[in-house]
Structure formats: C-alpha cells, structure tokens
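*Asks:* Below: sequence and its predicted model.
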Amino acid sequence: MYLLLTLFFLLVFTVDVHAISLRARGDFQSLREENAIVDFYKLERVENDSQLEKLVNDGLLLPIPEETRWFKIDTKEIAEHYRYARPWVLDFLYYISEKYFKKFGKKLRLTSLTRTIEHQEDLVKRKKSIATCTIPGRCSPHVTGTSLDISMLGMLFEEYKWLLDELTALYLKERKIHAIDEGYRVGRNHFHIVVAPSYPESSPIIQPPENIVIIKKQQNQQQKKVQPPPKKKPRKGVLRIVFVYRIFFLSLFFLLR
C-alpha cells in the first residue's frame, strides 16, 4: 500500500523537461513572440465581421469543417462565423489530428480559431483574455487566423503526453510552430498554437536567442544554412523541487513501514 502510494507521488511530481519548455513562458513574453511572427509575415489583423467576410471571399481564410474523421469543432465554443483559418493552419491541423487519431483512435477537439479584434476586445472586457489589441505586442494572434486551441479535456495522460511531445518537437526542434501548454491555468485546459506561413516547408522558421527572429525558407541556394537553435536546459530550481519531493516521499515510506 505504502509502496504504491510512494510510486504514485514520484510519478506525479516528476517534471518533464518538455512540459517545462512549453509552460515556462510568461504570458506577455509569449504574446510578444507571437506578434513578432505576425508582424514579420505582415499578416492582416481582422478588425470586424465585414473584414472577416472579405478575407473569406478572397480565399485568404478557409472554412474549417465542423467534424472530420480526425478532428471536430466544439460548437459551443466556436461560433459558426468564426470557423475559419489560414491555409497553412489547416495543413497543420490535418497533419497533427491524423497522427493523433491513428495513435489513439480519438478525435482532437478545437475550442478556438479565428477571431475579430472586436470579439477579442469583448473577451478582454469580460476578463477571459489578457491579449488586448490596444497595446502593441499584446494582440492575440487569433485575430490573424493563424492560431488554434486544442482542448486537452478528457485526454488520458498518455494522450496528453504524446501531443505535448509532438508539439514540443515542432516548436523547440523544428521551429515550425509557436505552442503553449495552458492546461496548468484554471479555465484554460488547452494547447494554444500559432502556425507560421512557412509551416509546410522544411526549413526552420523561428530561432531565438534573446528576441524572436523569423527565418524565411531559403529561396537562393547561395544563402547560408540556418543553424538550429541551442537546446534549452531545464531550470535548476525545478530540478531541486523534484529532488526534494522524491527524498520526502521516500523518507515517508520508510518511516511508515
């Protein structure tokens, strides 16, 4: 009994390096990085429903099916006139949802797609978002049609961990997306993902070190090759917490024997 309890707590309090990588990013810092992507590619921010309709008519925003074999839209969360996204976002969505379905036989559930600035500011007023477009660098990327939220509600740990690893690989290694695990925040049980226009291409698109820098696909063979960013090391403070928890529960186990 005590042995099982000890093993349980060791599993719960063992911190995954990938989880740290996606979670250990401040809200405003993440927004600055996301807006850097938007500004680099000069993506249009959708002011209102009229502009949204124009982008749809021009083919710059594509409709997202309510349900496919691999994913479905949460119709309570996304109004019908906001079920659109940029073409490369749709490419990413089909890619990740197909892999997830083949692995677990379940569909991914979308809880947010494109928004207008008017709708975004309404969310800010109701304190459902901090991403206000009235402050430079803090506007939600949802207003450009490049973002989507994937719900993690109802996922088993194995399913959550697999999706976390997949997004981490695309974000930290291949630099194809910008992703945040918001499952640790109350009322935000989803992955928030920004997909850059060069997502389908093979070259990296994001390479920090201090500030986010976007790199376009090489179109000239004489251009220098893009070097992958250095791998991030887990913070020492987190590792200390893990070590303390392990020592505590191991000591508790032997005392209660």
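*Replies:* Looks like it came in fine. Given the structure is predicted, the values throughout are model-derived calculations rather than measurements. Numbering: from 1, shown residues only.
*Asks:* gap between the two ends of stretch 77-84?
*Replies:* Taking Cα to Cα, to the nearest Å, the first and last residues of stretch 77-84 lie 14 Å apart.
*Asks:* can you pull the buried residues of it?
*Replies:* 78, 82, 83, 84 (16 or more other Cβ atoms under 10 Å). Glycine gets a C-beta too; all of them are placed from N, C-alpha and C.
*Asks:* JSON lines for those, including pLDDT?
*Replies:* Listed next are these as JSON lines, based on pLDDT from 0 to 100:
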{"residue": "78", "pLDDT": "96"}
{"residue": "82", "pLDDT": "97"}
{"residue": "83", "pLDDT": "97"}
{"residue": "84", "pLDDT": "98"}
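*Asks:* Of these, which belong to helices?
*Replies:* In helices, judged by DSSP state H, none of those are found.
*Asks:* Of those residues, which is the nearest to residue 123?
*Replies:* residue 82 (11.8 Å; Cβ to Cβ).
*Asks:* where does the closest one sit relative to residue 172, distance-wise?
*Replies:* Plainly put, residue 82 is 29 Å away from residue 172 if you go by Cβ to Cβ, to the nearest Å.
*Asks:* Reformat the buried residues of stretch 77-84 as TSV; add distance to residue 40.
*Replies:* Shown next, in TSV, are the buried residues of stretch 77-84 (distance: Cβ to Cβ, whole Å):
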residue	distance to residue 40
78	27
82	25
83	26
84	22
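*Asks:* biggest separation within those residues, which pair?
*Replies:* Taking Cβ to Cβ as the measure, these span a maximum distance of 9.9 Å, between 78 and 84.
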